[in-house]
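Colleague: sharing a model prediction with you, sequence too.
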Amino acid sequence: MRVVTGLLHAVSALSVECKMTALLLAAMVVFPLTTLVIYHSGARETVTNFMVGFLVVGIILVVPLAKWLSHVIALRNILELNAQCQLLKRGEYGVTEPPPDDDEGHDFVSLKRNMHWMGYAIASRQRRLSSALQSLAEARNQILESIDYASHIQAAFLPDERALAGVVPAHFLLWRQRDVVGGDSYWFKPWGDGYFIGVIDCTGHGVPGAFMTLIVQSLLEKALREGDASPSGMLARTNRLIKDALGQNEKGTRSDDGMDCALCHVSPGSGRLVFAGANSPLYAVEGGKARRIRGDRCGLGYVRSPRDFVFTDVEVALAPGARFYMATDGIVDQVGGPRRLPFGRSRLMRFIEEHRTAPITGQGDALMACLSEYQGGESRRDDMTVLGLEV
């Protein structure tokens, strides 16, 4: 039995070409030659009986013999290759043992060997990829932790909301960054017989924008100490300070960063508000209607911004219960609605008019609900700051 098993194993280990050669040799040479020898020996009856018996046995064994031959010739190897493919499909790349290297002439063994080393190469690359992904995840976590901590630093540079509420109790403030940190900011400073208040939209989003907000917060404080304390004078000095700080006085510089700003000085005692804007408007509610007071069409600090640009002050008389709104372009540029159009200034002004009699302290939540409904499934496009106050 061992001899037969060993013989079958030896036969199955042969290449397909060797197996087919042996089969054809037996069918086309050995069998006719044997028959011819017997026939010429005079044993014609024996030959006839042999042929009849051979035909009967052939008819009986043709199906099982065909299955056995197909298994010996190719099917066994095909099944082994299919099993190896299933292991690769499941990601079990290093499970199979490599075939011996001394069977170079065996077609299926060569294919098995190639598939084994292909699995080995995939497994090796997968290990390197897993290691790289782990390193990337660790680096990402470190970056996110740093950015998260940076958000606390950025928030620390913002005006104290309790101080703002102490001076302007009837107000609301929306400060929503698109990312963890961003380029929007606001400024509040008691000064003289009133206070400065404004919103700021710096170049960029994320970390670059956050850097700019820290710079301009410091430069606004410096501009306030160095000269004319009017909103237009503040914007003019801030424009020059940004250009000097970033080296943006001439074309061809490495950076072109700056900010847009809506800045007001409110004097409740004298009953007036003075506004100046750098590419930013002021919205006012008068007689139940909302109107937009345009600022100057010049940003602060950019290379294209003239160094000696003269900004314009707009004075507004303060009627009892007057309301004013300042907003960065993040809200008006937000895309939404069925036609995927920007929210726009007209919708913002319509919201202001529709809520002119509602308490201003609750309008921030109402505005966010209105914007969220309009935005729908669209992603946030920009940082957003909205400041409303009643004086």
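Modeller: Structure's in. What do you need?

Colleague: what's the biggest helix in this structure, counting residues?
Modeller: The longest helix of the chain (DSSP state H) is helix 107-157.

Colleague: mind listing residues that contact the helix or strand just after it?
Modeller: Reading on from helix 107-157 to the C-terminus, the next helix or strand found by DSSP states H and E is helix 161-167. With contacts defined as CB atoms under 8 Å, 6 or more residues apart in numbering, helix 161-167 is touched by H171, L173, F188, P190, Y195, I197. In short, each C-beta sits where N, CA and C put it, glycine included.

Colleague: do you know how far the last one is from V335?
Modeller: The span separating I197 from V335 equals 29 Å under the rule CB to CB, to the nearest Å.

Colleague: again with P281
Modeller: Relative to V335, P281 is positioned 20 Å away (CB to CB).

Colleague: which secondary structure elements does the longest helix of the chain contact?
Modeller: Here helix 107-157 touches helix 16-25, helix 76-89, helix 206-225, going by 3 or more CB pairs under 8 Å, 6 or more residues apart in numbering; DSSP states H and E.

Colleague: among these, which gets the worst mean confidence?
Modeller: Mean pLDDT is lowest for helix 16-25 among the helices and strands packed on helix 107-157, at a mean of 60.

Colleague: run through the stretch 151-300 of the chain and note the low-pLDDT ranges.
Modeller: Across the stretch 151-300 of the chain, nothing is flagged by pLDDT under 70.

Colleague: strands along that one, start to end?
Modeller: For the stretch 151-300 of the chain, the strands defined by DSSP state E, counting those that start in this stretch cover 171-176, 184-191, 194-202, 259-267, 272-278, 282-286, 289-293.

Colleague: neighbouring strands - and their directions - for the last one?
Modeller: The sheet places strand 289-293 alongside strand 282-286 (antiparallel), with pairing taken from DSSP bridges.

Colleague: now do the strand it pairs with: everything it contacts.
Modeller: With CB under 8 Å, 6+ apart, strand 282-286 has contacts from 262, 264, 275, 290-293, 295, 314, 316, 319, 322-327, 348-349, 352-353, 356.

Colleague: and if you look at stretch 293-305?
Modeller: 216, 235, 238-239, 241-243, 246, 248-251, 253, 256-262, 275-284, 306, 309, 311-312, 314, 316.

Colleague: so what's D148 up against?
Modeller: V180.

Colleague: what's the spacing between it and T385?
Modeller: D148 sits at a distance of 20 Å from T385 (criterion: CB to CB).

Colleague: repeat for S130
Modeller: 43 Å.

Colleague: who has more neighbours, these two?
Modeller: Taking other CB atoms under 10 Å, S130 and T385 do not tie; T385 has more neighbours (24 against 10).

Colleague: surely the more buried one forms part of a helix?
Modeller: No - in this structure, T385 is strand, not part of a helix, as judged by DSSP: H, G, I helix; E, B strand; the rest coil.

Colleague: in the sheet, which residues pair with it? Tell me.
Modeller: In this entry, T385 is beta-bridged to W175, by DSSP bridges.

Colleague: was I right about it contacting G182?
Modeller: No - using CB atoms under 8 Å, T385 is not in contact with G182, being 9.3 Å away.

Colleague: can you list the domains in the protein?
Modeller: 2-121, 159-390 (automatic domain parsing).

Colleague: so which of these comes closest to L144?
Modeller: Each of the domains of the chain has some distance to L144 by CB to CB; the shortest is domain 159-390, at 7.7 Å.

Colleague: from the middle of its chain, how far away would that closest one be?
Modeller: Relative to its parent chain, domain 159-390 has a centroid offset of 29 Å by CA atoms, centre = their mean, to the nearest Å.

Colleague: where does the stretch 1-150 of the chain have low pLDDT?
Modeller: Across the stretch 1-150 of the chain, residues meeting the criterion (pLDDT under 70) sit at 1-47, 49-59, 61-80, 84, 88-109, 112, 115.

Colleague: verify the stated contact: A317 with R272.
Modeller: Yes - the pair A317 / R272 is scored as a contact, 6.0 Å apart, by CB under 8 Å.
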